[in-house]
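[1] Quick one: sequence and predicted model below, then my questions.
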Amino acid sequence: MRVLYSYVRQQWRAFAVTFVIASIARLLMLVDPQILRLIIDRYVLKVGTMPREQFYRGVLILIGASVAIGMLARLFRTMQEYEIELISRRVGARLYAKSIAHSLLLPFREYETKRSGEMLQIIQRARLDAESGISGAVRLYLGFVAVAAVTIYAFTLHPLLGFMHLIGLPLIGILMLVISVPIRKRQRRIAIDTASLTGSVTEAIRNVETLKSLGAETQEIGRLHDINNSILGLETEKLRLIRRFTFLESMLFHATRTAFLAAEVWLVYNHGITTGEFLSLFLYTSIIFAPLTEAGAAVARYQEARASFDTLDTVLDLPKEERGGGEGFEPITNIRFDGVTLSYAAAHGDALRDISVELPAGRTIAFTGPSGAGKSSLVKLLVALYTPNEGALLVNGRDLREIDLDAYRARIGLVTQETQLFAGTLRANLQFSRPDASDAECLVALEQAAASVLLERGHEGLDALIGEGGLKLSGGERQRIAIARALLRDPDVLVFDEPTSSLDAMTERAVTETIRSLSTSRRLTILVTHRLSTITHADCIHVLRGGMVEESGTSEELLANGGLFAQLWHEQMGT
Ligand SMILES: Nc1ncnc2c1ncn2[C@@H]1O[C@H](COP(=O)(O)OP(=O)(O)OP(=O)(O)O)[C@@H](O)[C@H]1O
Ligand SMILES: [Mg+2]
């Protein structure tokens, strides 16, 4: 709830205006029964005692006043509704923007255990609940204004009536708040389960290709049905609670109303109050009970909103990624892994253990080793997706934790093992890494990545559309676009994680040539691959096994050593 309160506080001026307008509207509505009281007490009950002319004039003036005040009340009410809508939408939109920004700024580690759809559902739900919660709060306040005004009026008529209003109505309010607590508990479970369902559905739709090709749709549909059914069960339970709540609430109101009516009739009989006053009180009871019922609904909604904000807090309370301080970062001349150990939260044992390697600019350094050896993990450390559990990454001699991450990452061009492209044009996908890149620069990058063939396919050139996740491209084509994307930055450090894994032998050679030609005297090139033939030119090759560096050297040295590298080499070359 804290987040919501802080946004509400930011809008306090608008709130103050709304409350004033709403109070005026509500008070104006309370004037009508007073006019009726005057008509009855001064005219209707005195029909025989005054001239006809005086009677009509008096009554007409009062009716005219009633019409005028009624119109004014409607006017204020319209303004009030508009203001409430405006504020709640505004708060909702800001909350949404903040939550989305926060979730994107979370450390990558958090995404290990969360699904993207799940996070989105939590945020969207909170937005809707913030909007309905705010209008609920205003209505609650209006109920309070009406009750307070009527209580004061009741006191002016008779102390007994005053005390009945003063004690009876707040008591009902507190009672309702207490009996609505179980609703919140159900709602919280529903929020969590729905978020998880949305996560599963998003995942299923994203991976529909895999699902279909495995023939696993029916099975997946069944699984989603089960989750959905359990949520429906909770919803039903909640609905039952809400119905019980509203039933109890209406019973309470009815009982109170009857008690009030009894007291009022008794007072009329004993000449405590006039007939007009009796009638106005009777009308007031209906008038305040209508907003009180609304208030009852508002309490139920408030409990729902609190539940979804508690869930949102579980996201917003996660600390953001530490981004280091400071301004831009100087060109990278050296990266050093200093006794680095990395373990994933979801895994037992270390993915990398005590890695110490030197990566100087102007060199090509390769990492190879069996599957699962920790090569990609090393790359993730390099781009600071993870921070080491032990040891440190030193960039130009400074600990990476103290460096501004955006500035650092801007100097790195990364081609990951699994290429992700975004829905949109080829140009948009390239410019992702450098929004100010010109068409000419994009074309050069594509050329360098041996990807210009893609341009020849259609007539659209850089405007060619690529599906979500790059669906309309082959694996190799996607990989080459990723390479072009990395090159477009003209980075200090180029990192390739299996850059040629989906390419045919000929294209592989072309890309390897490209990579080789891209290594300049100032650039650090890091190659991670199984394909030993593509790294023979590296200045140094580190062979990883089980998260540790087993051997290092040039390909000649390693072959001569006859260790793991030599073994892998002979197997690959069939020698
Ligand atoms: N997010 C993660 N959570 C838990 N364990 C992980 C995670 N990512 C990787 N691992 C584990 O860490 C180890 C190293 O994985 P990594 O991806 O670095 O291997 P790799 O050398 O790149 O393998 P490959 O050649 O198959 O790409 C593996 O045992 C893997 O199961
Ligand atoms: Mg890998």
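    Yes, it's here. Numbering: from 1, shown residues only. Ligands and ions are numbered 1, 2, ... in the order given.
[2] Tell me the bridge partners for I412.
    V493 (DSSP bridges).
[3] Check which helix or strand A392 maps to.
    Using DSSP states H and E, the element containing A392 is strand 390-395.
[4] Paired strands for that strand, with orientation please.
    strand 334-342 (antiparallel), strand 398-399 (antiparallel).
[5] Select, out of these, the one closest to ligand 1.
    Nearest to ligand 1, of all the strands paired with strand 390-395, is strand 334-342, at 8.4 Å by Cβ to the nearest ligand atom. From N, CA and C alone the C-beta is placed, and that goes for glycine too.
[6] Any part of that closest one near ligand 1?
    No: Strand 334-342 does not reach ligand 1 (Cβ under 6 Å from any ligand atom); its nearest approach is 8.4 Å.
[7] tell me which residues in that strand are buried?
    335-338, 340-342 (16 or more other Cβ atoms under 10 Å).
[8] And the furthest pair within these?
    I335 and T341 (17.0 Å; Cβ to Cβ).
[9] mind listing what L241 touches?
    182-183, 186 (Cβ atoms under 8 Å, 6 or more residues apart in numbering).
[10] please redo it, this time with the cut-off set to 10 Å
    The contact partners of L241, taken as Cβ atoms under 10 Å, 6 or more residues apart in numbering, are 179-187, 300.
[11] Would you show me how to pick out the buried ones of those in PyMOL?
    Written as a PyMOL command, the selection of buried residues from the contacts of L241, which uses 16+ other Cβ under 10 Å, is:
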select buried, resi 179+180+182+183+184+186+187+300
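[12] Sitting in strands, which of the contacts of L241 do you find?
    Secondary structure assignment by DSSP state E places none of those in strands.
[13] I'd like to know which residues of this structure are adjacent to ligand 1.
    Residues of the chain lying near ligand 1 (Cβ under 6 Å from any ligand atom): 112, 344, 346-347, 351, 371-377, 417.
[14] Now with 5 Å, please.
    Taking Cβ under 5 Å from any ligand atom as the contact definition, the chain meets ligand 1 at 112, 344, 346-347, 351, 371-377.
[15] Just the buried ones from the residues you listed, in PyMOL syntax?
    The buried subset of the residues of the chain next to ligand 1, as determined by 16+ other Cβ under 10 Å, is captured in PyMOL by this line:
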select buried, resi 351+373+374+375+376+377
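[16] What about ligand 2: which of the residues of the chain next to ligand 1 touch it?
    375-376 (Cβ under 5 Å from the ion).
[17] between the residues of the chain next to ligand 1, which is nearest ligand 2?
    Distance to ligand 2 across the residues of the chain next to ligand 1 (Cβ to the ion) is lowest for S376, with 3.1 Å.
[18] Return the residues in contact with that closest one.
    So S376 contacts 351, 367, 416-418, 497-498, 528 (Cβ under 10 Å, 6+ apart).
[19] Tabulate these (TSV), appending secondary structure and pLDDT.
    Formatted as TSV, the contacts of S376 follow (DSSP: H, G, I helix; E, B strand; the rest coil; pLDDT from 0 to 100):
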residue	secondary structure	pLDDT
A351	coil	92
F367	strand	95
T416	coil	86
Q417	coil	80
E418	coil	80
D497	strand	90
E498	coil	87
V528	strand	94
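[20] filter these to the buried ones?
    351, 367, 416-417, 497-498, 528.
[21] Nearest to L62, out of these: which one, please.
    Distances from L62 to the buried ones among the contacts of S376, taken by Cβ to Cβ, are shortest for T416, at 79.6 Å.
[22] can you name the two of the contacts of L241 that are farthest apart?
    Every pair of the contacts of L241 checked by Cβ to Cβ; the farthest is I179 and Q187, at 14.6 Å.
[23] Let me have the buried residues of strand 334-342 in JSON lines, adding pLDDT as columns.
    Listed next are the buried residues of strand 334-342 as JSON lines, based on pLDDT from 0 to 100:
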{"residue": "I335", "pLDDT": "94"}
{"residue": "R336", "pLDDT": "95"}
{"residue": "F337", "pLDDT": "95"}
{"residue": "D338", "pLDDT": "94"}
{"residue": "V340", "pLDDT": "95"}
{"residue": "T341", "pLDDT": "95"}
{"residue": "L342", "pLDDT": "94"}
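[24] just those residues now: which is nearest ligand 2?
    The closest of the buried residues of strand 334-342, once distances to ligand 2 are taken by Cβ to the ion, is L342, at 13.6 Å.
[25] Against T520, how distant is the residue nearest to that closest one when sequence neighbours are not counted?
    Nearest residue to L342, sequence neighbours excluded (Cβ to Cβ, 6 or more residues apart in numbering): L352, at 4.3 Å. For L352, the distance to T520 (Cβ to Cβ, to the nearest Å) stands at 29 Å.
[26] Look at those two and report which has more neighbours.
    L352 (27 against 13; other Cβ atoms under 10 Å).
[27] Which strands or helices does the host helix or strand of A407 pack on?
    Taking DSSP H and E as the criterion, A407 maps to helix 405-409. Contact partners of helix 405-409 among helices and strands, from 3 or more Cβ pairs under 10 Å, 6 or more residues apart in numbering; DSSP states H and E: none.
[28] what sits up against it?
    Contacts of helix 405-409 (Cβ under 10 Å, 6+ apart): 321-324, 326-330, 332, 383-385, 395, 398, 400, 403, 489, 491-493.
[29] got it, and stretch 46-53?
    Taking Cβ under 10 Å, 6+ apart as the rule, stretch 46-53 contacts 40, 42-43, 54-55, 57-58.
[30] distance of the residue of the stretch 101-250 of the chain found nearest ligand 1 from A346?
    Residue of the stretch 101-250 of the chain nearest ligand 1, by Cβ to the nearest ligand atom: E112 (4.9 Å). Using Cβ to Cβ, E112 is found at 6 Å from A346.
[31] one step back: filter the contacts of L241 down to the ones in helices?
    In this view, these that belong to helices under DSSP state H are 179, 181-187, 300.
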